[in-house]
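Chemist: Mind looking at a prediction? Sequence and model below.
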Amino acid sequence: MKKYINRFAIASLAMAGLMTTSCELTEDNPAGGDAQLNLFLNWKGLQAVSYSTLNDELYTASDWFISSEGGTDLWQTSGNGDGYRSDINYENYSTSNNSTKKLWLQCYSMIANCNTVINESTSIVDGASSQDDIKVLVAETKVLRAFYNFLLVSNFGPVTLNMNSATGFTGTIDLNPVRSSEKDFYDQIIKDLKEAEPDLGVEPYENNRARVTKKTAIGLLARVYAQRAGLGNKYGDGDQYWKLAAETAENLINNAASYNAHLYTDIADMWADANNRTNREALFIAAGADANGEAWSLTTKRNKLFAYSCGGVYEDLFNQNPTKKGTHYFYGRINAQTFVPSKYLMYCFNPKWDRRWEYSFTYAYGDYSMVQCGWVKYSKGQKKLTDQLCEQFGIDKSHSGETIYPYADCDGKASTFGGNQYPAKIWPKGVTSGNAGDLLSVATSGAQVTDPTTCGSTKAYAVPYPVALDDNRFNTVFVHEPLSAADKAKCRYAVVVLSDLYGSNGINYGNVVNGSEAANPPSVGNGLTSASACPSLSKFNWSYDGAFWGSEAQIKTGDMYIMRMAEMYLIAAEARQMLGQGTVAAGYINTLRQRAARPGVPDSEWKLATATEEDIFDEYAREMCGEFNRWLLLKRHNAFEARLAKYNPRAAKSFQKYMYNRPVSSDFLQQILNSNEYGDNGYGQTPTSGLQGFE
């Protein structure tokens, strides 16, 4: 009998394991209307949809970004305000929380899609494929199903493990879903990954970098084992899973070449814009569409994360008032800031030895010109200092009348998507000719950063540390320790000590109703400047030909790294430390520190002899901040209460023990018939939590 899935019979009903799925097949599937799934090309098109939410939703929009990193020790609300207050501070955290509702819907939709692909793989009858093609695509789909199930169980706890095809295909809706144990979830996830790995290639299917490979399955299995180990108190087998996590990560580390896995030996290569589309360290990516018409990606969704993670600036020091206009053709949409880094995160970095500081955060701000394309004159990016500006920003008045010159020059290039993109070159320090021939290129590799024709870094936003006292290209520089009075007097830019952004209670300045000691930092500009000004997380901000810009400079495209090889070193270190092997753990951490260390800095400045749990938390912060994993790290260490009390006191006030599980979606609870029995994980919408028997 022919089997169909109707592309247009897509309901919004978000049933717990019986979710309908958006089955708009990609160009891989030429069929319209009712797609006949026993034909390979149609089935393959549906398989491609299983990837769609990675770049369409999870790794390009703010919701999962804020949920996965917010509510931890790393981030606070911009201006200590009310934006995303439930995700970042657990205030009014409920079943109606938009971010977790979206995560619920996106995961269950994709799981149902994956189930359909896997369940119907044996029904393909035409000769348009080989069994090897089907085997690889089923293996890919099992990895994706494992990933979505992992997001569900690690965030929501014991909800419903679904193995059924999409309701748009079966026509069956379960209005009385039941919960599954976390053990059952993890057993199925591990089974999927173990079954998938032998059938996956070392190279991606059809040479499409967007697809998962053997190293993806192994890396994800290590992550899953580590999270499962965090349930040790519940099932009494934590050490067993810590051992499995260590051994799985070490397998990938020790046999990297055989899996085509790689750890860059220079942190500059990891974050080089030139490597964004071909990053050798990546184990699992959400592939972004390319401005030049690249056909690799399974989606054309664009990425706004760089705008939400952009720190605020002191607009009075910019000639083009970026926070008023929003658009800045170097930094991008600069007035969409959602959160700021915590004091703990800022001081995790010791920039005297650790180059991860400038490759994670833009800590020095300057203006731009567009001489290359003739759109913005060099003079438009200049700012002349006045007595008033010097007094406002603590700049020595000897600099009054002097000029701050542009740092970057952005080209203007058309994109095949429409609109333009603005790849940047950098003006040399001390050269004020405005002649495009003087511009420096961004280095394409770590080995090239010493080339005098480059700007000294592989990323336009990675300003080589330290900024010279007499550098005339920056208007604001954030520093970890105060400069001497004599050194500060030499600076033409505003010098902001990072600790001055936070009150004595550890809360950033801003809304005093929410706990800030004052509305603005008293040490900068006599309280006249913005409390949101801070370094920008720059990992998702790209400036190269191919990173499309659009919609008032708040959209870019590029590859997002869901998982990369450095995480395997951290998981190995974490697992070994939890097993009491601190010396072994330190070895893995030292590998990451060594590649980040500045040339010439003695090993004694950064090398660990043994590692504690605190060292594990700190190293994850330095290496992985902003990469969607902090919330789950704190969960598996049962560390929210202690870490929030110490580093995020506003969040600590509202956090409750039941919040180790996210709230069950209110949309789902309103649509099923047994919501009272199913429960909401303790958030008060239903009479019981639904967790009885699962504790």
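Modeler: Looks like it came in fine.
Chemist: Moving along the chain from the longest helix anywhere in the chain, name the first helix or strand you hit.
Modeler: When the chain is parsed with DSSP state H, its longest helix is helix 131-156. The element immediately downstream of helix 131-156 (helix or strand, assigned by DSSP states H and E) is helix 167-170.
Chemist: Could you list every helix and strand in contact with that next one?
Modeler: For helix 167-170, the elements it packs on are strand 4-6, judged by 3 or more C-beta pairs under 8 Å, 6 or more residues apart in numbering; DSSP states H and E. Using the backbone N, CA and C atoms, a C-beta is placed for each residue, glycine as well.
Chemist: List the buried residues of the longest helix of the chain.
Modeler: By neighbour count with 16 or more other C-beta atoms under 10 Å, helix 131-156 contains the buried residues 134, 136-156.
Chemist: Can you give the distance of that helix from its chain's centre?
Modeler: Distance of helix 131-156 from the chain centroid (C-alpha atoms, centre = their mean, to the nearest Å) equals 21 Å.
Chemist: can you check stretch 174-187 too?
Modeler: The answer for stretch 174-187 is 28 Å, by C-alpha atoms, centre = their mean.
Chemist: again, but for stretch 581-601
Modeler: 23 Å.
Chemist: Could you list the residues in contact with that stretch?
Modeler: Stretch 581-601 is contacted from outside by 253, 263-267, 352-356, 566, 569-570, 572-574, 576-577, 603, 605-612, 615-616, 619, 622-623, using C-beta atoms under 8 Å, 6 or more residues apart in numbering.
Chemist: Going through those residues, which ones are buried?
Modeler: Buried among the contacts of stretch 581-601 by 16+ other C-beta under 10 Å: 253, 263-264, 266-267, 353-356, 566, 569-570, 572-574, 576-577, 606, 608, 611, 615-616, 619, 622-623.
Chemist: which residues of the stretch 401-550 of the chain score low on pLDDT?
Modeler: 417-418, 524-529, 550 (pLDDT under 70).
Chemist: how about the strands of the stretch 251-400 of the chain, start to end?
Modeler: In the stretch 251-400 of the chain, the strands defined using DSSP state E, counting those that start in this stretch lie at 282-286, 339-341, 361-362, 364-365, 368-369, 383-384.
Chemist: The stretch 451-600 of the chain now?
Modeler: Under DSSP E, counting those that start in this stretch, the stretch 451-600 of the chain gives strands at 476-479, 494-497, 536-537, 549-550, 555-556, 560-564.
Chemist: Now that residue 93 has come up, it's in contact with residue 681, right?
Modeler: No - the criterion here is C-beta atoms under 8 Å, and residue 93 misses it with residue 681 at 10.8 Å.
Chemist: shared neighbours of the two, anything?
Modeler: residue 663.
Chemist: how many neighbours does the nearest residue to residue 439 once chain neighbours are set aside have?
Modeler: In this structure, residue 439 finds its nearest non-sequential neighbour in residue 425, 4.0 Å apart by C-beta to C-beta, 6 or more residues apart in numbering. Neighbour count for residue 425, taken as other C-beta atoms under 10 Å: 20.
Chemist: Offset the numbering so it begins at 122, please.
Modeler: Yep, numbering from 122; the last one is residue 546 now.
Chemist: Now do the SS call for residue 546.
Modeler: Following DSSP: H, G, I helix; E, B strand; the rest coil, we place residue 546 in the strand state.
Chemist: so how far is residue 726 from it?
Modeler: 33 Å (C-beta to C-beta, to the nearest Å).
Chemist: ditto for residue 305
Modeler: 48 Å.
Chemist: Show me the beta-bridge partners of the residue lying closest to residue 175 once chain neighbours are set aside.
Modeler: Nearest residue to residue 175, sequence neighbours excluded (C-beta to C-beta, 6+ apart): residue 407, at 4.1 Å. Residue 407 has these beta-bridge partners by DSSP bridges: residue 681.
Chemist: Contact partners for residue 407?
Modeler: 175, 176, 179, 180, 181, 680, 681, 683.
Chemist: Relative to residue 166, how far out is residue 778?
Modeler: 45 Å.
Chemist: Looking at those two, which has the bigger crowd around it?
Modeler: Counting neighbours by other C-beta under 10 Å for residue 778 and for residue 166 shows that residue 166 has the greater number, 22 against 10.
Chemist: And the average pLDDT for the strand or helix carrying the more buried one is what?
Modeler: Secondary structure assignment for residue 166, by DSSP H and E: helix 161-170. The predicted model assigns helix 161-170 a mean pLDDT of 93.
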